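A.B. asks: no letters, just coordinates:
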């Protein structure tokens, strides 16, 4: 839970504001497969974890900078990257690790795409797994990185 900076308190207030906190975290999912993205979204809603899509490096950068469609968003607590995005997926992993090294990046892809899985691992993904394993563990991964309880 992050404390809201005092700069959000009205500057002309004479009453000290109590400390405010955001009670939410945010998971970013980078996946263009509509069916699988819908599965991630549905599971996130079921687990109770806020979720946003971001399928470009620029969109991920905005989310990491805590900009959500022009508004401040919750702290990012995990990034899920579909390796089917190709070179964009690898760039997203590199960007995440350069901007926010403490934010876990979980990459998933085809079990036969060994080179792509290895590239994700070598570029800094914290977890790299086949899509089937990711799908099976999705509720637990979302709960673990989104602060929810199953």
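C.D. replies: On my side now, so go ahead. Just so you know, these numbers come straight off a predicted model, no measurement behind them. Numbering: from 1, shown residues only.
A.B. asks: and the longest helix belonging to the chain, which residues are buried?
C.D. replies: The longest helix of the chain (DSSP state H) is helix 131-146. For helix 131-146, a neighbour-count test (16 or more other Cβ atoms under 10 Å) marks 131, 134, 138-139, 141-146 as buried. No exception for glycine: its C-beta is placed from N, CA and C like everyone else's.
A.B. asks: which SS class is residue 101?
C.D. replies: Here residue 101 is recorded as coil under DSSP: H, G, I helix; E, B strand; the rest coil.
A.B. asks: kindly provide the distance from it to residue 46.
C.D. replies: The gap separating residue 101 from residue 46 is 30 Å, by Cβ to Cβ, to the nearest Å.
A.B. asks: so these two - more neighbours on which side?
C.D. replies: Taking other Cβ atoms under 10 Å, residue 101 and residue 46 do not tie; residue 46 has more neighbours (13 against 10).
A.B. asks: dump the residue contacts of the more buried one.
C.D. replies: residue 139 (Cβ atoms under 8 Å, 6 or more residues apart in numbering).
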